[in-house]
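**Student:** Whatever this is, show me its structure:
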Amino acid sequence: MLRAMRHVSNLGWLVSLCVGALAACSSGGSDDSAVNGTSGSGNGSYAGTASGAASSGGSSNAAGTGTNAAGSVSTGGSAVGSAGSAGFGNPSGGSGTSFGGSFGAGGSGGTTGNAGSAQGGNSNAGSTNGGNTGVAGMSAGGSGPSGGTTGSAGSGQAGTGNTTSPERSGMPIPPTSNVAKPSGTPGNLTVLNWAGFKSAATFTFDDALSSQISNYAALHAPGVPLTFYLVSNNNPTSATWTQAAKDGNELGNHTAHHCHDDGTGCAWGAYAGSLGAELDQCTTHIEQTFGVSTVWTAAAPYGDAGYDTPDSTRFLVNRGVNGGQVGAGTTDTTNAFQLPCHTAQPSEPAATFNAATDSAHSAGKWQIFLIHSLGGDGGYNPVSITDVVGALTHAKSAGDIWADTMVAVGAYWRAQKLVQGVTSTKSGTSQTWTWTLPQHFPPGHY
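**Tutor:** Down below sits the predicted model:
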């Protein structure tokens, strides 16, 4: 029923996520078929044992499900048996990797008067997306100079998970080990914190500095999506930003000239005349120059609060500079347009970054990092690329930390608050949740 709510809003992915993530807690498969399990229940319990009757080749009983190979082969038919029918299974067993799929049957026996040479078909454990365990191969029957050869046992593995493939959300897959079985009254709606991860982390890089450009390959290597907050008048045409966007990183708005909210202290060029103009010029430049369709988030220069209001009419969230972490759900009261962060200090070692990541992990919160220079370009608070890569690798390797861009985590964070604050309505046996998307929410993002 919850999946059927997708027509209400683009936020239906939250409900799908909830259902999909909790389904991972279902029990393993039985002996006869894989049943919505995340892992099979072991080797098949029952190998084929029946011998063929006098007039037909012998067949095997079905092998049990499980993550290991199917059961052993049955015995052959009698010497005078007639030929069995052609097997319809795939001649080679596959290994299930996800969901669904049928199984293959065994091969046929030999013809009368000739040596039975047909081998029992290997079982096909399913298509590319997994499946049930295959049936053990049939014994070859037939009379004549020599009997048929014994069929081979099915070689496929049982598939995992549900029997049908869910819709893709676009979000990373959370860990499935050590997850408690869902409990509570059926029908209640619960949105998982941080898409099912224990905590979240986002690494942001300000000012479009040349050291970020020269070290981009090293930053990209750990595989953590990053957010680069660009000042459009600094390194304004670097092809690195185009590549960064293609690689799945986010290009965010850090204004055109990096001025205070009173128009003073501009770091790159003269004040555009208003805060709105500073923001709009930067957005237009990013979209037209680097092939980005929409700029979703911003970071206020110097963290000045005067940007909060114009940011709220243009973006999903705005990152500030004050220290802190962000909580999940409606109990968290963090201002979406002044998100706190951990600002890297000069020569900050990886251990300090990692301590902040671990602190948020223990608390089940979102840690945002603010990094400027990577050294050699005169930028603010330079840190070593080695230490930054170490911090990225640490967050990535934890397994249960959602390390992603500001727009990815920020959209989920805002959507969770929205859905949890909704009161459902009932009509008969149906229960419906209805909500309205906030401004500048990425449509179809998930």
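
**Student:** Looks to me like residue 368 is in a strand.
**Tutor:** Yes. Counting by DSSP: H, G, I helix; E, B strand; the rest coil, residue 368 is located in a strand.

**Student:** show me what contacts it?
**Tutor:** By C-beta atoms under 8 Å, 6 or more residues apart in numbering, the contact set of residue 368 is 201-202, 204, 319, 325-326, 339-342, 406. No exception for glycine: its C-beta is placed from N, CA and C like everyone else's.

**Student:** Give me the subset of these lying in strands.
**Tutor:** 201-202, 204, 319, 342 (DSSP state E).

**Student:** returning to that earlier point: between the contacts of residue 368, which is closest to residue 300?
**Tutor:** residue 319 (7.5 Å; C-beta to C-beta).

**Student:** separation between the closest one and residue 253?
**Tutor:** 10 Å (C-beta to C-beta, to the nearest Å).

**Student:** for residue 428, same thing?
**Tutor:** For residue 428 relative to residue 253 (C-beta to C-beta), the value is 48 Å.

**Student:** wait, doesn't residue 414 sit right on residue 441?
**Tutor:** Yes. In this structure, residue 414 is within contact of residue 441 by C-beta atoms under 8 Å, at 7.2 Å.

**Student:** joint contacts of these two?
**Tutor:** Shared contacts of residue 414 and residue 441, defined by C-beta under 8 Å, 6+ apart, comprise residue 316.

**Student:** rewinding a little: can you lay out the ones in strands among the contacts of residue 368 as a markdown table showing neighbour count?
**Tutor:** Output for the ones in strands among the contacts of residue 368, formatted as a markdown table (neighbours: other C-beta atoms under 10 Å):
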| residue | neighbour count |
| --- | --- |
| 201 | 30 |
| 202 | 29 |
| 204 | 23 |
| 319 | 27 |
| 342 | 23 |
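
**Student:** would CSV of these with distance to residue 211 and pLDDT be doable?
**Tutor:** Listed next are the ones in strands among the contacts of residue 368 as CSV, based on distance: C-beta to C-beta, whole Å; pLDDT from 0 to 100:
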residue, distance to residue 211, pLDDT
201, 22, 98
202, 20, 98
204, 15, 98
319, 20, 98
342, 19, 98
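
**Student:** Can you name the two of those residues that sit furthest apart?
**Tutor:** Maximum pairwise distance among those (C-beta to C-beta): 13.4 Å, between 201 and 319.

**Student:** how many neighbours does residue 434 have?
**Tutor:** Residue 434: 11 surrounding residues under other C-beta atoms under 10 Å.

**Student:** Tell me the spacing between it and residue 422.
**Tutor:** Distance, residue 434 to residue 422, using C-beta to C-beta: 7 Å.

**Student:** Residue 223: what secondary structure?
**Tutor:** Three-state call for residue 223 (three-state DSSP): coil.

**Student:** do the same with the one 5 residues further on
**Tutor:** Applying three-state DSSP to residue 228 yields a three-state assignment of strand.

**Student:** Pull the contacting residues for it.
**Tutor:** 204-205, 208, 212, 241, 244, 249-252.

**Student:** rerun that using 7 Å as the cut-off
**Tutor:** 205, 208, 212, 241, 244, 249, 251-252 (C-beta atoms under 7 Å, 6 or more residues apart in numbering).

**Student:** just for the protein, where's the confidence low?
**Tutor:** Counting by pLDDT under 70, the chain shows low-confidence ranges at 1-170, 182, 186-187, 445-446.

**Student:** now the helices for the stretch 201-350 of the chain?
**Tutor:** Assigned helices in the stretch 201-350 of the chain, in chain order: 210-214, 216-220, 239-246, 275-289, 308-312, 350-363 (criterion: DSSP state H, counting those that start in this stretch).

**Student:** If you count contacts, what does the longest one end up packed against?
**Tutor:** Right, helix 275-289. On a contact count with 3 or more C-beta pairs under 7 Å, 6 or more residues apart in numbering; DSSP states H and E, helix 275-289 meets strand 250-253, helix 308-312.

**Student:** same thing with the fifth one?
**Tutor:** In terms of contacts (3+ C-beta pairs under 7 Å, 6+ apart), helix 308-312 is packed against helix 275-289.

**Student:** okay, the angle between the helix it packs on and helix 239-246?
**Tutor:** Angle between the axes of helix 275-289 and helix 239-246 is 80 degrees (criterion: axes from the mean of the first three to the mean of the last three C-alpha atoms, to 10 degrees).

**Student:** Next, the buried residues of helix 275-289.
**Tutor:** For helix 275-289, the neighbour count (16 or more other C-beta atoms under 10 Å) marks 275, 278-283, 285-286, 289 as buried.

**Student:** measure residue 437 to residue 315 for me?
**Tutor:** For residue 437, the distance to residue 315 equals 14 Å [C-beta to C-beta].

**Student:** Which one of those two is surrounded by more residues?
**Tutor:** Remark: of residue 437 and residue 315, residue 315 carries more neighbours, 26 against 15, as counted by other C-beta under 10 Å.

**Student:** That one and residue 253: what is the separation?
**Tutor:** For residue 315 relative to residue 253 (C-beta to C-beta), the value is 7 Å.

**Student:** Overlap of the contact sets of the two?
**Tutor:** residue 298.

**Student:** ok, and the closest non-adjacent residue to residue 325?
**Tutor:** Leaving aside its sequence neighbours, residue 325 sits nearest to residue 365 (C-beta to C-beta, 6 or more residues apart in numbering; 4.1 Å).
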